[in-house]
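> Provided below for reference: sequence and predicted model.
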Amino acid sequence: LIGCKKKYSTLSFKDFENIPDLDIFDRASSFNHYLDYLNKSDQLNYRLENISPCGPELFVNKGCDDVVRGVINFVSNDYLGLTQHPAVKLAAMQALEKFGTGSGASPAIGGHFNYHQDLEIKIASFFKREAALLYTTGYTANSATLQCLLKKEDIAIVDMGVHASVYEGCLHTNVKSFVHNDLERMEEVLIRVKDAYRTKMVIVDGVYSQDGDLAPLREISYLTKKYGAVLMVDDAHGIGVIGPTGRGLIEKEDVFDQVDIISGTFSKSLAGIGGFVVARPEIIRFLKFQARQHLFSAAMPPSTTCAISRAIELIDEESHWIDKLRTNVNYFKSNLLDLGFVIGNTQSAIIPVKIGDPALTAQAAKFLFDAGIYANCIIYPAVSRKDARIRMSLMATHTQQQLDNALDAFELMKSKLPVLKQ
Ligand code: PMP
């Protein structure tokens, strides 16, 4: 292993970010050796090749032995199963037939079509607001918006658990983070930075993607206003999952008017790809002309855009999918708890089964996979070193039998591996 003195088994991906004195080619080669080692020892549970539709059951080629395995899918953010819904697929096919495969340009210079306009109107009114802007990913919705709005005279005050895209958006501004969901720490930061910056922006997720827990949004919006700050909420995992009609945490907490900027993604419950921000019309108009990734990057393709518009309608027309998701989540959580597993404070479709030790968690993920249960193994640097977990994402389209199969696998695992967190 070029340039790296440690043993393979003690390395993580992060160790390869910056090896001193290695140019990009040697750094890449050294990382490739490490990947070969992980693959050979069947530890590369990453970018597995799915060869079936994105449903509750997947056929997966693990790569290490080229054998295709049928597994139950607990790694998808397609929470309502709408990527496979006939009406969503039909909307995509009709758009493909009518408009072709691409939008041909960035929105600023000819790539903005009526189907984009429709989706902007739909997503704004979904959140009871006037204006929205589309981006080609949820990641960009955060990174581009923040990069455009916050400059070196400003400050972002972020929960430590926010998504990587928020941190990227804040690279050119000042950042202070506070301990996850800790209102006292957040208030301390707001007091400390008081008048030292032009704009103070508090940024939180609605649902946190590694723990599935929710932000205390009412209190956060109260404190934000008290100290004259602006509030941005990324509710990527809340849409279609949280709130009486699936509008996310903002609806659950009834803070539509208190949140200044709402961001989110179309790649989870809304069955496509792309992202959006919803904000006051003057902010949206400013972003349309100033956000570099909106100006210089092509607009979403017609099939995806129309599929998402249909998915938004289905959230209201077929609300039973939300009910079914909640039934599945409640059933699965209560059975995991009965088995003695620790699942933290999740209130969403993400269920973290906390194990702690990273090596043991990797073993657990492999055990489950071999038992036909495909779950994510979440270790450092996604979470802190001693907080590794198996992350289960539930879908409305999981059957009772599939959930029971997974629970059986967890029960068996408990008797074979010391996975119950003390
Ligand atoms: N925000 C959060 C909280 C996320 O979890 C993700 C993706 N996992 C994103 C933003 C980025 O969304 P996308 O994958 O659509 O780019």
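Happy to help now that I have it.
> Tell me which residues of the helix or strand hosting R326 come out buried.
Here R326 sits within helix 320-338, counting by DSSP states H and E. Of the residues in helix 320-338, those buried by neighbour count under the rule 16 or more other CB atoms under 10 Å are W321, I322, K324, L325, N328, V329, Y331, F332, K333, N335, L336. In this view, the C-beta of every residue, glycine as well, is placed from N, C-alpha and C.
> quick one: contacts for the residue of the stretch 301-422 of the chain found nearest the ligand?
At 9.3 Å from the ligand, I350 is the closest residue in the stretch 301-422 of the chain, using CB to the nearest ligand atom. Neighbouring residues of I350 by CB atoms under 8 Å, 6 or more residues apart in numbering: V207, S209, Q210, D211, G212, H237, R391, M392, S393.
> F126 and L339, how far apart?
Here F126 is placed at a distance of 38 Å from L339 (CB to CB, to the nearest Å).
> Of those two, give the one with the bigger neighbour count.
Here F126 and L339 are compared on neighbour count by other CB atoms under 10 Å; more neighbours surround F126, at 24 against 14.
> For the more buried one, which non-adjacent residue is closest in space?
Leaving out its chain neighbours, the residue that sits closest to F126 by CB to CB, 6 or more residues apart in numbering is I312, at 5.9 Å.
> For the one you found, list the residues it contacts.
Taking CB under 8 Å, 6+ apart as the definition of contact, the neighbours of I312 are L119, K122, I123, F126, L270.
> Repeat the analysis, applying 10 Å as the threshold.
Taking CB atoms under 10 Å, 6 or more residues apart in numbering, we find I312 in contact with 82, 119, 122-123, 125-126, 239-240, 246, 266, 269-271.
> near the ligand, which residues of the stretch 201-350 of the chain?
Selection of the stretch 201-350 of the chain residues close to the ligand by CB under 6 Å from any ligand atom yields D205, S209, D234, A236, H237, T265, S267, G275.
> let's see it at 5 Å
The interface of the stretch 201-350 of the chain toward the ligand, taken as CB under 5 Å from any ligand atom, is made up of D205, S209, D234, A236, T265, S267.
> what's downstream of the helix or strand containing Q363, the next helix or strand?
Here Q363 is covered by helix 358-370, with elements defined by DSSP H and E. For helix 358-370, the succeeding helix or strand toward the C-terminus, using DSSP H and E, is strand 373-374.
> Compute the number of surrounding residues for F13.
Applying other CB under 10 Å, we find 15 other residues in the vicinity of F13.
> So it versus L35, what's the distance?
9 Å.
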